[in-house]
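>>> got a structure for you, letters missing:
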C-alpha cells in the first residue's frame, strides 16, 4: 500500500513538474493573412504588428503566420490547424475569415480568437478594427488645400462599408476647406493588382486629378504619382520609398499596440471577448509626419484636426450632412452613430457617381 | 494635353505587356505548340527583370535577364513536351504553378524595393508634331520594341523561308518531317522565342507600368495573351490590335468611371472575355477558312519515327 | 547516341510506377531546394509528405480538399481521353455553386429532406449549362473549346462577384459582399463526427466507381478511347463526333457543378466571392497524375490534397513561404510528365553510324 502511495505521489510530483515546465512554455500566437507579407499594405502592417509582439515579449511568445490564405474554403482549415497546433490566441486579419473563425472557435473554446473588421463575436471571439475614417478626415483636409485643379482622384477596391466610409470622410473634409473640390472615384474591383492600380492612377491623373488617394493595397498609385510629379497619400504603411517627394503623409495601420495588449491579456488570464474600434487617439490609426511639401499653415490645420480628434472634440461625421440623394442624414451638430458608420452604404451629398450595386 | 491622346497613351502602356506575350505565343502556336504556361513565364520575367535592374541599376540588363528567364522556362517546357512528349496542356499549367512559386520565392528579397521608371524616348522633331508626336514618337524603348517585334514576326512568317518552314511544321508536322525538317528543332526555337517575349512582357509590368515587385503581379495577364492569339486568328497584326483592344477596354472602363458615368465595373470587366468568344466563333464558323487560320497540328504531340 | 523507340504495348508496370518515381524525384529535388533556402531539409520533407498521414484529423482534411478535385477530375477524364479539352471546369464549378446556392437562398428556412437534393440538381444543371456553351460553340461553330471554356471561367467568377455584391447579398450582413449562411437543411451533412469531412466525399467515391464501370463496361468508355486515339476511326466507326463532344462536356460540367455546390453547401456554407480557389485547374493536374484512370484519379486527388495540407503545416511549423507549395507541385508535375514517356517509349542505344538521315 505504501509502495503504491509512494508511486502515486511520485507520479504526482512528476506531473506537477511537467505542469511547471508547461507553464514556462511560450504563449503561441497565430496570424492568418489574406495577402503576401510583402504587399507593403494591409498584410505587411499586420505582420509588422506580429513582429512588434515578438519584440515586446521575446522568448515568452512564439508567433506563427500563414500568408496568402484565400477567404474561401481554405480559410477554416488554416485557422483550425493553428488552433490544433496549440496556439493560444489567433488573429484572423481579413473580413472574409469571419464565419470560418466563428466555426473554429466553437470547436476550440479554450483558444482565443481575434477577427479583424468583422461584426460577429462569441465568448472566445473578439473583433477589432480601426477608425481609418479619422485618418481620412485629416488627409481629406490636406487634399482639399493641396489640389490646384480641384480634382482629387480616389482609387477604391470594393464598395464595402469601410471603403465607402473613407470616401465620405475624405470628401467631407476636403469640401469643408475647399468648396470647389471634386472627387473622382474609380473602382478597380481588386485589393492587389499593381498593374490595374497604376492604370487607374494614370486615368485619374489624365482626367485632371493632382492629388491621389487610394484604398487598395499596393504602392503602385504613389509610384505613378511620383513619376507624374503630383502628390498622393500612402495607404496602410509608409510608402515613402515608392514616392519620396509624392507622399504627403500616410495613414498607418498600427496594429502592434493592440496585439501586444491582447497577447498580454491572454498571458494574464484576463482576456475577454470584446469589440474594439480604435482610432487615432489610442494609436491604432497613425498619421505619418507631414511632408514639407505641405504649406506650414495647412500642416498646422491638419495637425490641429488630428489633435482635436484625439481630444474627442472633433468627429469627422458631424452634421449637417445630407445623403447623396439630398435627404437629411445628420442634423446640425449631430454626430454619426457607430452602427450607421459600420454599415455605411451610401455616399454623402456632393460625391459624384453612384455606388456600384 | 488633349485627354484623348492621354487615354490612348494609357492604353498603349496597359497593352504592351500583352503585345509581347501574345506575339511570342503566336509564333509558338504557329509552330503547332500550345504553351499554357505564359503566365508562369511572364511572372518569372517580371521578377528577373526587376531584381536585375534593382541590383545593377541597368534596365538593359534587367530586360535581358527577363528574356533569359522566360527562355529558360520555355526551354523546360520544350524539353518536356517536345523531347519527352509530355502533354502540353498539363505541362503548361504546371509551368504556371511553378513559375508563380519560384518568382514569389525569389521576390521575397525585393519586397518594398522600387526603381525608377524607364524614360520615354522622344524622337527628335517627330515627337513635337501635335497629336501624332505624343501618340507615336514619345514612348519608352520597349513600346517601340514591341511594335518592331510584331512587324518582324509578320515579315518572318509570311515572307521568309524560315517562316514558311515554321508554318509547315505547325500545319503538318509529319509532312515537314518527311521533307527533312527538324520538327523538334523548329518548335524549340519557337518556344524559346515565345519564352523571351513573355519574359519581356512581364518585365514591362515590373519595370515600366509599375516599377516595383509584388507577388502575383501579372494577375492573369498571361491568360489574356492566350485569348488574344485566338482573337487575332494567329495573325501578328491582329494580335497587336487585339492587345490594344484588351488594354483599351481596361483603361477606358477606368476613365468612364472617372467621368462619373454609372456603369457596373464587373459587367465591363466581363466584356473582353465575351468579345473574345464572339470573335472566336466568327473566325471558326467557316470550317475551311478556320483551317486556313488555325495551325492544324496545334497542341498535337509529334514523334518522329524517321 | 540514344533515341526513343515506341513500345509495342504500354508498359503497365511503368504506368503504375511513374507516380512513385516522380514522388521520389520530387523529394530529392525538395531536399536540394530546402537546403538552398536554409530550412532543415529532412524535417521539411517529412512535414509536407508524411506528417499529415499519421493523424485522423489531417486525413479528414485531406478528404475535404480532395473531394472537389476528384469529382471534377473524374468528369474531365472522359473528355481528355476523347481529346475534348475542357479547361474551364473552374467556371463550371462556380456556375454550379451559383445555381445550387441560389436554390438554398431562395428556400431559406424551408425545412425538408428534399432541399439538399434539389440544390445538388441545380448545381449539376448549372455546371452543365455553363459547359453547354463551349459544347454548342464547338459543335455548331467549330470554336475551340479550350479557349471558350477558359474565357467563360472569368465570366463566371465575375458573375459570382456581381451577385454577392447585389441580389444575393446577406440582408443583415452590414453590406459586406457575401450571402446569408445557408440554413441547416441546405448544408451537406458531416461524415465523420468532429471533423469537417462531409458526405460529399461519398459522392466522389460513387463517381469514381461509376466512371470505372463506364470505362470498362460501357460503349461510351470505348467511344471516348477511340475518338481520342484516332478521330478518323471514330468517324468511320459510326460514332458521331459531336455527340461525344456533347456528352463529355455535359459530364465534366455536371460533375464540376456538383463539386461547386458541395463545396459551397459543405465546408463554406454560404456564397462568397473568393469561393473559386483553382480547384478546376488543379483537377486537370489530378487527371494526368491519375493517368486518366478513375482509381488513379482517386489516389492522385489525395496526393494533391496532401501537398496543400503539408504545405500549410510547413508554413506553420517552419515558416516556409507559401510559394514553396507551388514550387513543389510544379516540380512534381514536371517529373511525372517527364518520366511518363517511358511508359510508351523505351530508350534505345544506337550506334552513331546507324543514324538515319533526317534525324
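The structure has been received and is ready for your questions. The structure presented is a predicted model; accordingly, all values stated were derived computationally and were not measured. Numbers count the residues shown, from 1 in each chain, chains lettered A, B, ... in the order given.
>>> Where do the helices of the stretch 151-300 of chain A begin and end?
Using DSSP state H, counting those that start in this stretch, the helices found in the stretch 151-300 of chain A span residues A:161-177, A:194-206, A:220-228, A:256-268, A:296-311.
>>> could you give the angle of the third one to helix A:194-206?
Interaxial angle of helix A:220-228 relative to helix A:194-206 (axes from the mean of the first three to the mean of the last three Cα atoms, to 10 degrees): 50 degrees.
>>> Now tell me which helix or strand of the chain has the poorest mean pLDDT.
Because you didn't say which chain, this covers chain A. Sorting the helices and strands of chain A by mean pLDDT, DSSP states H and E puts helix A:2-24 at the bottom, at a mean of 52.
>>> hmm, I had chain C in mind actually
Per mean pLDDT, DSSP H and E, helix C:231-236 ranks last in chain C, at a mean of 61.
>>> helices or strands up against whichever helix or strand comes after that helix?
Under the assignment DSSP states H and E, the closest C-terminal helix or strand after helix C:231-236 is helix C:241-263. Applying 3 or more Cβ pairs under 8 Å, 6 or more residues apart in numbering or on different chains; DSSP states H and E, one finds that helix C:241-263 makes contact with helix C:56-82, helix C:89-106, helix C:115-141, helix C:200-217, helix C:219-229, helix C:231-236, helix C:279-289. Yep, even glycine has a C-beta here, placed from its N, CA and C like the rest.
>>> Quick check, pLDDT for residue B:127.
Listed pLDDT for residue B:127 reads 69.
>>> go on, residue B:300?
Reported pLDDT for residue B:300: 75.
>>> same deal with residue A:194?
Predicted confidence (pLDDT) for residue A:194: 89.
>>> Report the separation between it and chain C.
Distance from residue A:194 to chain C, counting by Cβ to the nearest Cβ, to the nearest Å: 18 Å.
>>> again with residue B:8
From residue B:8 to chain C the distance is 25 Å (Cβ to the nearest Cβ).
>>> Enumerate every residue touching residue 50.
I'll assume chain A. With contact set as Cβ atoms under 8 Å, 6 or more residues apart in numbering or on different chains, residue A:50 has these partners: A:29, A:31, A:63, A:65, A:259.
>>> hmm, I had chain B in mind actually
Contacts of residue B:50 by Cβ under 8 Å, 6+ apart are B:62, B:107, B:110, B:113, B:115, B:203, B:206-207, B:211-213.
>>> hmm, try it at 10 Å
B:62, B:65-66, B:103, B:106-107, B:110, B:113-115, B:202-203, B:205-207, B:211-214, B:217 (Cβ atoms under 10 Å, 6 or more residues apart in numbering or on different chains).
>>> same question, residue A:148
A:208, A:210-211, A:230.
>>> who wins for neighbours among these?
The residue in those with the most neighbours, by other Cβ atoms under 10 Å in any protein chain shown, is residue A:211 (30 neighbours).
>>> Mind pulling up the pLDDT for that one?
pLDDT at residue A:211 comes out at 96.
>>> Tell me who's in contact with it.
With Cβ under 10 Å, 6+ apart, residue A:211 has these contacts: A:139, A:142-154, A:174, A:181, A:183, A:204-205, A:225, A:230-233, A:246, A:248.
>>> Equivalent analysis for residue B:154, please.
Here residue B:154 is in contact with B:23, B:26, B:163, B:235-240 (criterion: Cβ under 10 Å, 6+ apart).
>>> run the last query once more with 6 Å
residue B:236 (Cβ atoms under 6 Å, 6 or more residues apart in numbering or on different chains).
>>> any idea how far residue C:70 lies from residue C:63?
10 Å (Cβ to Cβ, to the nearest Å).
>>> the more surrounded of the two?
residue C:70 (32 against 21).
>>> Strands - which of the contacts of residue A:50 land there?
A:29, A:31, A:63, A:65 (DSSP state E).
>>> Next, give me the two most distant ones among these.
Greatest spatial distance in those: A:29 and A:65, 9.2 Å, computed using Cβ to Cβ.
>>> can you give me how far the host helix or strand of residue B:64 is from the chain middle?
Residue B:64 belongs to helix B:59-78 when elements are defined using DSSP H and E. Distance, stretch centre to chain centre, for helix B:59-78: 13 Å (Cα atoms, centre = their mean, to the nearest Å).
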